[in-house]
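Peer 1: give me a 3D structure for the following:
(2 chains)
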Amino acid sequence: MPKRGAPPEVNAGSMADIAFLLLIFFLVTTTIETDAGLDRMLPPIEPPDQDVVIKEKNIFQVSINKDGQLLADEELTELKNLRAKAIAFLDNGGAPAGSADYCNYCQGERDVASSDSPQKAIISLKNDRETKYGTYITVQNELVGAYNELRNREAQRLYKRNFTDMEAEYLNPETPDDVRDALKEKVKRIQDLFPQKLSEAETASSSK
Amino acid sequence: MSKFNKKKDAALPAVNTASLPDIVFMLLFFFMTVTVMKDSTLKVENVLPNATEVKKLEKKDRIIYIYVGKPTREYEKTYGTESKIQLNDKFAQASDVGDYILQERAKKPQELQDVLTTALKVDKNANMGIISDIKQELRKVNALKVNYTTYEGDAFKNIQ
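Peer 2: Numbers count the residues shown, from 1 in each chain, chains lettered A, B, ... in the order given. Below is the predicted model of the structure:
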């Protein structure tokens, strides 16, 4: 029994209500978002010192016109066939056995008229000024997808896991350092097997 | 044995709710710490395209954002319906992008200045012309690392 002079106890019964109110406010305003997207490197603006001579057969030219139609290697192509075409081109390995460019892990058709090796193969992407951004991203996505598919295949063969997983783990800041160092070498090796050579020429104007 | 039979009251004891505030506070603090208040209000429509081969953008402190899209309803009268660039809180021209990048870069700590990424948040209905202009500006100021920010989803939805 409290005596007359003792201070009365503060009623804490409504504390939960107040906390709930704040909780709901923060619940509603929170957006736990990590942005995701396609990473790309732009080419530096100063031209390289010497002109590099690239053989016609080592370039896979993709052009998008303003209606979103696709020209891949001078053929009108459906967007959903682009990935398969890009893979066939990258994985071709046309250089003859014994030459310096010979690609011993390629599983392509080894067509002499197509790319020599993945190291030599370049995909060039051209778009119109009036091309829709959505279409452009779809094409980029398919081309990156082609590289990832090939890299996954090699990573499965060499390390029994997917390249995309390895890369995600490598880039994750929470991965411990020793694991990351081990991964770095593997990721680098796979990247060297299929280097991403995606050049973006300046856009053509639609008036041409 | 009779010792155990003594308890006779069948009434259910009330659940003790004394720790409820603690639990709620714990949740509250969690949400308070993970909340990021939006720093710039969008003045352009910004429905991003979908893509499947995405990489996560970790480390928010080393990202510079550029928004592109049609002005929203309330700005339509003053700015028209063509796609516009939004930098921070205002509309800008493609030629302002370079200066903006340099400004933002100067604000970041020294050790981060070389590893910055430019995130392009572009509406999927924008034209590539404006993107090419931006890319050209980015190349001029040597901000070569870009990320086309997208949603995760089927990329073929973009072309419908």
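Peer 1: dihedrals phi and psi, the residue lying closest to A:Gly145 once chain neighbours are set aside?
Peer 2: Closest residue to A:Gly145 apart from its sequence neighbours, by C-beta to C-beta, 6 or more residues apart in numbering or on different chains: B:Glu53 at 4.9 Å. (Glycine included, C-beta is placed from N, CA and C.) The phi/psi pair for B:Glu53 (degrees, to the nearest 10) reads phi -90, psi 50.
Peer 1: ok, A:Glu75 next?
Peer 2: phi -130, psi 140.
Peer 1: again with B:Asp123
Peer 2: phi -60, psi 140.
Peer 1: check the one 4 residues further on too.
Peer 2: Backbone geometry at B:Asn127, expressed as degrees, to the nearest 10, gives phi -90, psi 150.
Peer 1: give me the pLDDT for it.
Peer 2: Note on B:Asn127: pLDDT of 85.
Peer 1: A:Thr135 is in contact with that one, correct?
Peer 2: No: the criterion here is C-beta atoms under 8 Å, and B:Asn127 misses it with A:Thr135 at 10.5 Å.
Peer 1: so which helix or strand of chain B has the lowest pLDDT on average?
Peer 2: Of all helical and strand segments in chain B, the minimum by mean pLDDT, DSSP states H and E falls on helix B:2-5, at a mean of 60.
Peer 1: check the secondary structure at B:Asn147 for me.
Peer 2: Secondary structure state of B:Asn147, per DSSP: H, G, I helix; E, B strand; the rest coil, is strand.
Peer 1: try the one 10 residues further on
Peer 2: What three-state DSSP gives for B:Lys157 is helix.
Peer 1: residues in contact with it?
Peer 2: Counting by C-beta atoms under 8 Å, 6 or more residues apart in numbering or on different chains, B:Lys157 touches B:Asn50.
Peer 1: so which bits of the helix or strand of chain A with the lowest mean pLDDT are buried?
Peer 2: The weakest-scoring helix or strand in chain A, judged by mean pLDDT, DSSP H and E, is strand A:198-200 (a mean of 76). For strand A:198-200, burial by neighbour count (16 or more other C-beta atoms under 10 Å in any protein chain shown) applies to A:198, A:200.
Peer 1: just checking, what packs against it?
Peer 2: When contacts are defined as 3 or more C-beta pairs under 8 Å, 6 or more residues apart in numbering or on different chains; DSSP states H and E, strand A:198-200 packs onto strand A:122-127.
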